[in-house]
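Visitor: Kindly generate the corresponding structure for this input.
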Amino acid sequence: MDTRVNDQAEIYLRRQVAACTRILNGEDILGYSGHVSARLPDRPDVILIQSFDQSRAEVAPDDLLVVGLDGDVHSAPEGVSPPDEVSIHLEILRARPDVNSVLHFHPDLPVLFTLVEGAELRPILNHAYRWASGIPVHPDASKIVKPAQARALAETLGESHAALMRAHGAVVLSESVPALLVDAVHFVENADALYRASLLGKPKFLSEDEMVEVAKKQGRPRHIDKLWSYYVNKALVAGTLPEAWGAGL
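Guide: Now for the predicted structure:
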């Protein structure tokens, strides 16, 4: 199958998805499984996503598959297939036109909050205002491979920007790939802070008013640009990303 790409916007997005995947892997947020997806520019019914087998530490722009929200594979490197859980991305993006990028991953600390009766992952750090609408827990602990399962997960999400999957993993939703990277980092940071605070005593969660105030003052686009640049440059120095990618991110 011919996977050559001539569209500059798609080339740029491919590099972003590959870079985000490698960076999250390098930061021990995304492990040997899990995946990043993104809508193609000007084609909201089509996504980029990595294959089932591709190492998250080595994924390159040309390794990505193009998959329609109907599940049809539009293009792919020869001999590869979408991840088993591709329906998670397809059904969430179908249900949420405000979202352009999705991460499914299996972070240890956040998932702990699905394993203890009465435990709840809530915003405690200021950057976690992103989840002011809540972090629901999806009750299905099985691997989500069927569209019907994924639609149920999308229903659990509602208008939230993240959800936990009981005894399994999590999904994070964002408006862009750089925003997804930043949100994933803060999602794990918030879970870690809440876990540690719980060991000391009763946690002091952010109030609704505090989250509104933080959102006003932070300036999300500026914050995303700053952290995306930081993590890209960190990965370039560490060799997680090829030097040739530097000018294109």
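Visitor: Confidence-wise, which helix or strand of this protein is lowest on average?
Guide: The helix or strand of the chain with the poorest confidence is helix 208-218; it has a mean of 93 (mean pLDDT, DSSP states H and E).
Visitor: List the buried residues in it.
Guide: Using 16 or more other C-beta atoms under 10 Å as the test for burial, helix 208-218 gives 211, 214. (C-beta placed from N, C-alpha, C; glycine too.)
Visitor: which other helices and strands contact that helix?
Guide: Using 3 or more C-beta pairs under 8 Å, 6 or more residues apart in numbering; DSSP states H and E, no helix or strand is in contact with helix 208-218.
Visitor: chain center to it: distance?
Guide: Offset of helix 208-218 from its chain centre (C-alpha atoms, centre = their mean, to the nearest Å): 23 Å.
Visitor: give the contact list for the closest residue to Gly71 other than its chain neighbours.
Guide: Spatially, and ignoring its direct neighbours in sequence, Gly71 is nearest to Leu90 (6.3 Å; C-beta to C-beta, 6 or more residues apart in numbering). Residues counted as contacts of Leu90 (C-beta atoms under 8 Å, 6 or more residues apart in numbering) are 47, 67, 69-71, 147, 150.
Visitor: are any of those residues buried, and which?
Guide: Among the contacts of Leu90, those scoring as buried are 47, 67, 69, 147, 150 (criterion: 16+ other C-beta under 10 Å).
Visitor: Tell me if I'm right that the third one and Ile92 touch.
Guide: When you say that, I think you mean Leu69. No - in this structure, Leu69 is not within contact of Ile92 by C-beta atoms under 8 Å, at 10.0 Å.
Visitor: Closest to Pro82 out of the contacts of Leu90?
Guide: If you rank the contacts of Leu90 by distance to Pro82 using C-beta to C-beta, Val67 comes first, at 5.6 Å.
Visitor: hmm, back to that, for the least confident helix or strand of the chain, which outside residues touch it?
Guide: Under the contact criterion C-beta under 8 Å, 6+ apart, helix 208-218 has outside partners 123, 126-127, 129, 132, 206.
Visitor: Each with direction, which strands does the host helix or strand of Val67 pair with?
Guide: If you go by DSSP states H and E, Val67 is part of strand 65-68. When sheet partners are counted by DSSP bridges, strand 65-68 sits next to strand 43-49 (antiparallel), strand 73-75 (antiparallel).
Visitor: what comes up buried for the helix ranked longest in the chain?
Guide: Criterion DSSP state H: the longest helix present in the chain is helix 177-200. Under the neighbour-count criterion of 16+ other C-beta under 10 Å, helix 177-200 has 177-195 buried.
Visitor: elements contacting it?
Guide: Applying 3+ C-beta pairs under 8 Å, 6+ apart, one finds that helix 177-200 contacts helix 8-26, strand 35-40, strand 101-105, helix 108-112, strand 169-174, helix 220-238.
Visitor: Which member of the buried ones among the contacts of Leu90 is positioned nearest Ala76?
Guide: Comparing the buried ones among the contacts of Leu90 against Ala76 with C-beta to C-beta places Val67 closest, at 8.2 Å.
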